[in-house]
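Participant: sequence unavailable; structure follows:
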């Protein structure tokens, strides 16, 4: 009996969109950004012998190669797939916006392990809240700073000043005193002068944290 994946396809099909190159190129940048923030984007490529090639150009929903192959083939996939068929688009350096898109919508407590190495290599820093008193740094900086009930955390490329003494860069943490970009209240939000991208972390249907992603190269 030939194995197909229609049942799995029905469960995940709304998490991704398959596009053709000409369709993608004709879209406005704003439309592309919206799709990349919400969907895994699979671009249809050329065909080889018994093989159709696809390229994953954005993976907001963190789908595996296998899941992307199921969606690309409409749940059929009766002949399987290989690395020749599914390619992930990678640049030399991941941009802050791409990383923020990949982190958007995760739940509080979710691991960032799937993006940390790439973030480090790209010089990107992820900032999120933890509990009611911590600002956590991951990626190109791995550290944490205390900010019970909100407050300012000073840091530089070497990490956080644990004594709270001024350094060249700062982030203000706001506890239960801010909103996400859609106007929803968030437990943790942040203010800084550092150029950054933002993403939402959720907990029990509410915004727990509006995290930050920025380049270490933008630090003073």
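Facilitator: Now that the structure is in, tell me what you want to look at. Just so it is clear, the structure is predicted and the values come from calculations on it, not from any experiment.

Participant: just to check, residue 160 is in contact with residue 154?
Facilitator: Yes. Contact between residue 160 and residue 154 holds when scored by C-beta atoms under 8 Å: they sit 7.2 Å apart. Every C-beta, even on glycine, is put in place using the N, C-alpha and C of the backbone.

Participant: overlap of the contact sets of those two?
Facilitator: In terms of C-beta atoms under 8 Å, 6 or more residues apart in numbering, residue 160 and residue 154 are both contacted by the residues residue 145.

Participant: and the pLDDT for residue 189?
Facilitator: In this prediction, residue 189 carries a pLDDT score of 97.

Participant: spit out the contact partners of it.
Facilitator: Each residue near residue 189 by C-beta under 8 Å, 6+ apart is listed here: 173-174, 177-180, 209-210.

Participant: so it sits in a strand?
Facilitator: Yes. Under DSSP: H, G, I helix; E, B strand; the rest coil, residue 189 sits within a strand.

Participant: ok, it to residue 212 distance?
Facilitator: Look at residue 189 and residue 212: by C-beta to C-beta, to the nearest Å, they are 10 Å apart.

Participant: could you do residue 17 as well?
Facilitator: 27 Å.

Participant: by mean pLDDT, flag the weakest helix or strand of the protein.
Facilitator: The helix or strand of the chain with the poorest confidence is strand 86-88; it has a mean of 56 (mean pLDDT, DSSP states H and E).

Participant: cool, thanks, signing off.
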